[in-house]
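Chemist: Predicted model and sequence follow; I will ask about them next.
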Amino acid sequence: MQITALVVAAGRGTRAGGGLPKQYRPLQGAPLLRHTLRALLADADVTALRVVIHPDDLALYQDAVQPLTDPRLQPPVMGGESRAQSVANGLAACQGDVVLIHDGARPLLSREALARLIARMQTAKAAFLAVPVNDALWFGADDTAERAVSRENLWRAQTPQAFDLPLIRAAHAKCDEPLADDVAVARAAGIPVEIVMGDENNLKITRAADFMLAEKLMRQNMDIRTGNGFDVHKFGPGDQVTLNGISIPHSHGLVGHSDADVGMHAITDAIFGALAEGDIGQWFPPSDPQWKGAASEIFLRKAVERATLRGFTITHLDCTLVCEFPKIGPHTEAMRAALANITGLDPDRINVKATTSEQLGFTGRGEGIAALATATLVKI
């Protein structure tokens, strides 16, 4: 079963305040939309991911998804004048058997709820996540209670809402009136829709206060990990060294199977360490000729991709370079910028510093460079 997740993120979100459309406002150090997309990409059953955006938001979108290197994330689709038109535009770009239509402002989708929904679609034509109404319900007028309303068989709809792709595409094509959601579109077309138990924490962020609630919910289930990395490379022939993506003129080069970027190797190992997924040598064996002379950016991007697939956000990187020369200080800001570009972190979450070994050991004798790194990862 080929499953495409379609995230609708073309709205303006003005009720949330904050100037930016709510899907691009920061939440736990990253744009809200990035959290939403990571939640979907964490499920291996999702074979493709499309996002419907407002035409004015392309730059904001590109910034939000910059660290998401997963090839399942496909180019964005431009939205229309209404949510229904935006969904229709997105459906036209989707392929596969099943589509999961999800709100861009629901970043707390759990793996368990998504797995239940996908499992139901093995037999259903349409299904959606929902939670039963547990509170007493009253009909009121002018701030006065008029009559009680039975809550029996009432459900609060959530997303994703899952559909047989050809059926929901046809339903949208013949729908000529605004309806509450895509379940309503399906029902208007006569498609039976099944209810799947959702999750109370699957919050749709609508108002400013919802950001605070989402932050609180995220902290409750936070998984914080720290990984360490260490690497060394000796000097050899050459006229420059590459450190954390920056080429620095020098009387020697660094010797290695790849480009010998000792700093980036240490950072990559730190991320793999935090994930408990081995080290750079296991993922990119030096015995494999395809990595001969390879740019270490490839290795770091893979580590970032693995973190994303596991549902983690990299929140901080710290790298120490140990050498007598070349001088590192003049290049640290450029290194931070290069690392930020690769990882998607803000530069103020990346630190690069240098020290000497007081002329002791191989670094003190000028035989090479060592690097130590620490990475902090958080899964919400």
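Modeler: Alright, I've got the coordinates. Numbers count the residues shown, from 1 in each chain.
Chemist: Surely H331 is within a helix?
Modeler: Yes: looking at H331 with DSSP: H, G, I helix; E, B strand; the rest coil, it is inside a helix.
Chemist: who touches it in this structure?
Modeler: Contact analysis of H331 by CB atoms under 8 Å, 6 or more residues apart in numbering lists L243, I246, I248. For every residue, glycine as well, the C-beta is placed using N, CA and C.
Chemist: Q28 now?
Modeler: By CB under 8 Å, 6+ apart, the neighbours of Q28 are H35, E215, M218, T313, V378, I380.
Chemist: And for P347?
Modeler: Here P347 is in contact with R336, A337, A340 (criterion: CB under 8 Å, 6+ apart).
Chemist: Return the distance of it relative to G19.
Modeler: Distance, P347 to G19, using CB to CB, to the nearest Å: 22 Å.
Chemist: so which one among the contacts of Q28 has the lowest pLDDT?
Modeler: Checking pLDDT across the contacts of Q28, the minimum falls on I380 at 67.
Chemist: Quick check: most distant residue from the centroid of the protein.
Modeler: Most distant residue from the mean C-alpha position of the chain: E146, 46.2 Å away (CA atoms, centre = their mean).
Chemist: doesn't G140 make contact with that one?
Modeler: Yes: using CB atoms under 8 Å, E146 is in contact with G140, at 5.7 Å.
Chemist: ok, back up a step: chain neighbours aside, what residue packs nearest to the residue farthest from the centre of the chain?
Modeler: Leaving aside its sequence neighbours, E146 sits nearest to F139 (CB to CB, 6 or more residues apart in numbering; 5.0 Å).
Chemist: Then I118?
Modeler: D45 (5.2 Å).
Chemist: what residues are up against that neighbour?
Modeler: Taking CB under 8 Å, 6+ apart, we find D45 in contact with M1, I3, A115, I118.
Chemist: How about L137?
Modeler: With contact taken as CB under 8 Å, 6+ apart, L137 is in contact with A148, V149, S150, R151, L154.
Chemist: where does the fourth one land in three-state SS?
Modeler: Pointing back at R151 there. With three-state DSSP as the basis, R151 sits in coil.
Chemist: of all the contacts of H331, which comes closest to T268?
Modeler: Looking at these and their distance to T268, the nearest is L243, at 13.6 Å (CB to CB).
Chemist: For stretch 8-23, give the mean pLDDT please.
Modeler: Mean pLDDT, computed over stretch 8-23, is 79.
Chemist: Okay, now the unreliable bits of the stretch 101-250 of the chain?
Modeler: Of all residues in the stretch 101-250 of the chain, none has pLDDT under 70.
Chemist: Please, where are all the strands along it?
Modeler: 126-132, 137-141, 144-149, 155-164, 194-197, 223-236, 240-243, 246-249 (DSSP state E, counting those that start in this stretch).
Chemist: Q85: which of those strands is closest?
Modeler: Smallest distance to Q85 across the strands of the stretch 101-250 of the chain (CB to CB): 17.1 Å, for strand 155-164.
Chemist: Please list all residues in contact with P178.
Modeler: S82, A84.
Chemist: where's it relative to Q220, distance?
Modeler: With CB to CB as the criterion, P178 and Q220 are 37 Å apart.
Chemist: cool, L109 as well?
Modeler: Using CB to CB, L109 is found at 16 Å from Q220.
Chemist: can you check R306 too?
Modeler: Computed as CB to CB, the R306 to Q220 distance reads 25 Å.
Chemist: Show me which of the two is the more surrounded one.
Modeler: R306 (16 against 8; other CB atoms under 10 Å).
Chemist: A helix includes that one, no?
Modeler: Yes: according to three-state DSSP, R306 belongs to a helix.
Chemist: That one: what's it in contact with?
Modeler: By CB under 8 Å, 6+ apart, R306 lies in contact with I271, F272, L275, E277.
Chemist: Likewise for D269?
Modeler: D269 makes contacts with G227, N228, G229, F230, D231, D279, I280, A373, as judged by CB under 8 Å, 6+ apart.
Chemist: which ones among the contacts of R306 are found in helices?
Modeler: If you go by DSSP state H, the contacts of R306 have I271, F272, L275 in helices.
Chemist: who wins for neighbours among those?
Modeler: Most neighbours among those, by other CB under 10 Å: I271, with 28 neighbours.
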